[in-house]
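Trainee: Please find the sequence and the predicted model below.
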Amino acid sequence: MKTKLFRIRENLEDLARFNSTSGKGLTRFSLTPEDRGARDYLAGQLRQLNVEVFEDAAASLIGRREGTDPSLPPIMIGSHFDSVRNGGIFDGQAGVIAALEILRCLEENNIRTAHPIEMIAMIEEEGGRFKSGVLASRAMALGLTLEELERHKDEDGISIAEAMSSFGFDPSRIAEARRKPGEVRVFLELHIEQGPVLEKEGVELGIVSSIVGTDLMRVNIQGRPDHAGTTPMDMRRDALKTAAAVISEIPLLAIEQGNGTVATVGTLTVRPGAPNIVPSEVEFTVDTRSLNVSSITAVKNRIIENLEKTSRVDGTTFSLEQLLQVDPVEMDEEIRRILQDHANALGFSWRSISSGAGHDAMIMAPVFPTAMVFVPSKGGRSHCPEEWTDYEDIQKGVELLYHTVIAMDRR
């Protein structure tokens, strides 16, 4: 069996057309016109196959190819199709197109599986619009509430619940997206590495062993707006002064922990944002990741300690909002062995690799047997317009997952 390289390339390049960025890069936020265009395109591709096409209550697009035994749970393959702002065309999208190509190949080769096979294209993995990442996988594996959908809002003050309603979904039915343990036989995700290891070592595929834990929180600091020319320095309650002191220490806190711990301040908003007004409010996010839970906790606790100490001196106050909290996870050992065996049989070089990026797979893994395959990223670049993976490398990953799907079905 050979997957079709031209289709993989064509599908990825077609999908990239649904983009709100006029310049370089891809910007496709969830529940937007670009989302609509991309999902309609994918649904159109699926309708050319012998599959049922539907959307779940969390706005995931699903193509289901029925198996010969209706009592069996589905083998699920896929990823997300939203992007970061000015990102690349491979992050997430490669995994969705891989799943589409596997469905095509099963049909073309007249492979009848006992299990249903589901392709899934999920939204808001990046959290680009609502700052609430891995939304669809959390709804499926963990469950979400209407209150959570109403709480998270985009830059225009539109909540997830409002956006879903405008898009044609009923947010009050979000609980229906959840699937219980045993209701998914296995979840498989192909993804670009987003790092330099595979390319540097000349290895064709990465079989993911574990995914880092992630703690994402939003910090809000409140001070007082005053005239920048008439308010003495020792009488100010400058929210930005507090924020700057705390933020400057964060990189060192991560370095002190070791274990590959990283911490990133990815957004920073200063209000009222005028050159002649002392900042009265500052809001920023802190994304801390590590394979070690205690390292994440240590960094977070030190940040809070620094906030308490600095705000007390500056006369400011602060509040915290937890946006995402996920422990490190291991990928399923049995599926990893199957992936390794088939990689060897296909003649592909591979290595075991940990993921420093978060993925939908990290949410699915504690609930359903889960595995990931990485394909190389040129220069390790990702989340930028320069993101690139050779289509031939994606094809190898698709080949591996295709054979793994058949092996999992026979087990």
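Mentor: Yep, it's here.

Trainee: drop to CA atoms for contacts and neighbour counts, all remaining ones
Mentor: OK.

Trainee: okay, and for this protein, where does confidence drop off?
Mentor: 1-3 (pLDDT under 70).

Trainee: what residue lies at the spatial centre of it?
Mentor: Glu125 (3.5 Å; CA atoms, centre = their mean).

Trainee: That one reaches Arg138, doesn't it?
Mentor: No. Applying CA atoms under 8 Å, one finds Glu125 not in contact with Arg138, separated by 9.4 Å.

Trainee: So what's the residue count around Val313?
Mentor: Residues lying near Val313 (other CA atoms under 10 Å) number 11.

Trainee: which stretch of helix or strand covers it?
Mentor: Assigning secondary structure by DSSP states H and E places Val313 in helix 293-314.

Trainee: What is that helix packed up against?
Mentor: strand 213-222, helix 239-257, strand 281-290, strand 317-326 (3 or more CA pairs under 8 Å, 6 or more residues apart in numbering; DSSP states H and E).

Trainee: Most tightly packed of those?
Mentor: strand 281-290 (a mean of 23; mean count of other CA atoms under 10 Å).

Trainee: Partner strands of it and their direction?
Mentor: strand 213-222 (antiparallel), strand 262-264 (antiparallel), strand 268-271 (antiparallel) (DSSP bridges).

Trainee: Just the C-alphas of it, formatted as PDB.
Mentor: Output of strand 281-290 as PDB, limited to C-alpha atoms (Å, rounded to 0.1, in the frame of the first residue of the first chain):
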ATOM      1  CA  GLU A 281      -3.500  47.700  35.000                       C
ATOM      2  CA  VAL A 282      -1.300  45.000  33.500                       C
ATOM      3  CA  GLU A 283      -2.300  41.600  32.400                       C
ATOM      4  CA  PHE A 284       0.100  38.800  31.300                       C
ATOM      5  CA  THR A 285       0.200  35.100  30.900                       C
ATOM      6  CA  VAL A 286       2.700  32.600  32.200                       C
ATOM      7  CA  ASP A 287       3.100  29.200  30.400                       C
ATOM      8  CA  THR A 288       5.300  26.800  32.500                       C
ATOM      9  CA  ARG A 289       6.100  23.300  31.100                       C
ATOM     10  CA  SER A 290       8.200  20.400  32.400                       C
END
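
Trainee: how many degrees apart are that strand and helix 293-314 in direction?
Mentor: 160 degrees (axes from the mean of the first three to the mean of the last three CA atoms, to 10 degrees).

Trainee: got the contact list for strand 281-290?
Mentor: Outside strand 281-290, the residues within contact range by CA atoms under 8 Å, 6 or more residues apart in numbering are 212-224, 239-240, 243, 259-272, 296, 299-300, 328, 356.

Trainee: Mind doing that once more with 7 Å?
Mentor: 212-223, 239-240, 243, 259-271, 296 (CA atoms under 7 Å, 6 or more residues apart in numbering).

Trainee: same question, stretch 160-175
Mentor: Contacts of stretch 160-175 (CA under 7 Å, 6+ apart): 31, 57-58, 130, 143-146, 149-150, 152-153.

Trainee: Drop anything exposed from the residues you listed.
Mentor: Neighbour counting by 16 or more other CA atoms under 10 Å classes 31, 57-58, 130, 143-144, 149, 152-153 among those as buried.

Trainee: what's the span of stretch 360-372, first residue to last?
Mentor: The first and final residues of stretch 360-372 sit 10 Å from each other (CA to CA, to the nearest Å).

Trainee: My error: substitute stretch 138-155 in the last question.
Mentor: 22 Å.

Trainee: Name the nearest residue to Gly315, ignoring sequence neighbours.
Mentor: Arg237 (5.5 Å; CA to CA, 6 or more residues apart in numbering).

Trainee: Isn't that neighbour up against Thr316?
Mentor: Yes. Arg237 is within contact range of Thr316, at 5.8 Å (criterion: CA atoms under 7 Å).

Trainee: intersection of neighbour lists for these two?
Mentor: Gly223.

Trainee: got the residue ranges for the helices in this protein?
Mentor: 5-15, 33-46, 93-108, 135-141, 146-151, 160-167, 197-201, 239-257, 293-314, 333-346, 360-364, 391-410 (DSSP state H).

Trainee: Now for His80, how many residues are close by?
Mentor: Neighbour tally, His80, other CA under 10 Å: 27.

Trainee: and the gap between Ile192 and Leu144?
Mentor: Ile192 is 28 Å from Leu144, by CA to CA.

Trainee: which non-adjacent residue is nearest His227?
Mentor: In this structure, His227 finds its nearest non-sequential neighbour in Ile277, 5.1 Å apart by CA to CA, 6+ apart.

Trainee: so the one you found sits right up against Asp226, yeah?
Mentor: Yes. If you go by CA under 7 Å, Ile277 and Asp226 touch, sitting 5.6 Å apart.

Trainee: Break this protein down into its structural domains.
Mentor: 5-212+328-410, 213-325 (automatic domain parsing).

Trainee: For the ones you listed, state which one has the densest average packing.
Mentor: domain 5-212+328-410 (a mean of 20).

Trainee: That one: end-to-end distance?
Mentor: Domain 5-212+328-410: ends 27 Å apart by CA to CA.

Trainee: how far does that domain sit from the chain's center?
Mentor: 9 Å (CA atoms, centre = their mean, to the nearest Å).

Trainee: Then stretch 278-296?
Mentor: 18 Å.

Trainee: Just list the residues touching the residue nearest to His227, thanks.
Mentor: So Ile277 contacts 225-228 (CA under 7 Å, 6+ apart).

Trainee: now swap in Gly195 and tell me
Mentor: Contacts of Gly195 by CA under 7 Å, 6+ apart are 377, 380-381.

Trainee: if you set the cut-off to 8 Å instead, what comes out?
Mentor: The neighbours of Gly195, taking CA under 8 Å, 6+ apart as the test, are 376-377, 379-382.

Trainee: and of those, the nearest to Gly88?
Mentor: Ser382 (6.7 Å; CA to CA).

Trainee: Next one: that closest one from Asn86, what distance?
Mentor: Relative to Asn86, and taking CA to CA, Ser382 is found at 10 Å.

Trainee: ok, now Asn292?
Mentor: 31 Å.

Trainee: next one: Ile303
Mentor: 29 Å.

Trainee: Ok, Asp156 next?
Mentor: In terms of CA to CA, Asp156 sits 19 Å off from Asn86.

Trainee: and what of Leu205?
Mentor: 26 Å.
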